[in-house]
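Participant: Next comes the sequence, and after it the predicted model I'd like to discuss.
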Amino acid sequence: MRKIYSFILKFLGWKIVEEVKSPSKCIICVAPHTSNWDLIVGKMIYGAMGKKANFLMKKSWFFFPLNLLFRAMGGIPVDRSKKNSLTEQLAEEFAKRDEFRIAITPEGTRKYNADWKKGFYYIALGAKVPILIAVLDYGDKTVYFKDVLTPSGDIETDMPKIKAYYKGAKGKIPHLFSEK
């Protein structure tokens, strides 16, 4: 599959720039997220690299037959209506596995959102895993793996540093992305 993904990406004009290597356990902070195509492109990119990553998705998308496809792709359904501790559940998953990566979009939606969600940060903090910064830039059709950050616990200091990596990045639908 790796060669197939690589061929498709090359055909579509996408490039991968790995400034840092992906840790075996991490939260992959992926932005911009402005289109459903981001999932497809992201899965192909990671597949072309010979790696697997899970992703979080609204539970409402997990209906038959799509649930079979999304689970096979590594999807983890999230029920936003319940007050359950996803952070604790995922921390336990990280503890059980030798290799586990979860791609999370900090915007939490494909719509414009200047107020990024902080769940990815708290999951990384609770699971004691680093955050891999991945920039999915449709402007130059390149995914950049920019840095690996260890959350300090001071989100007010760390979040502006994280957002700075996405400055100038263009989503598939550019006006839906806020880097601020």
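Facilitator: Thanks, I have it.
Participant: can we go C-alpha only for contacts and neighbour counts from here?
Facilitator: OK.
Participant: can you pull out the helices in the protein?
Facilitator: 2-12, 37-48, 66-72, 86-96, 119-127, 155-164 (DSSP state H).
Participant: Where does pLDDT dip in this protein?
Facilitator: 80-84, 108-110, 112-113, 179-180 (pLDDT under 70).
Participant: Any idea which residue is closest to the centre of it?
Facilitator: residue 103 (2.8 Å; CA atoms, centre = their mean).
Participant: ok so, going back, point out the most buried one among the helices of the chain.
Facilitator: helix 119-127 (a mean of 21; mean count of other CA atoms under 10 Å).
Participant: For that one, which helices and strands make contact with it?
Facilitator: Counting by 3 or more CA pairs under 8 Å, 6 or more residues apart in numbering; DSSP states H and E, the packing neighbours recorded for helix 119-127 are strand 25-31, helix 86-96.
Participant: Now tabulate these in CSV and tack on distance to residue 57.
Facilitator: Below are the helices and strands packed on helix 119-127 laid out as CSV (distance: least, CA to CA, whole Å):
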stretch, distance to residue 57
strand 25-31, 14
helix 86-96, 12
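Participant: do you know how far residue 67 is from residue 75?
Facilitator: Distance, residue 67 to residue 75, using CA to CA, to the nearest Å: 9 Å.
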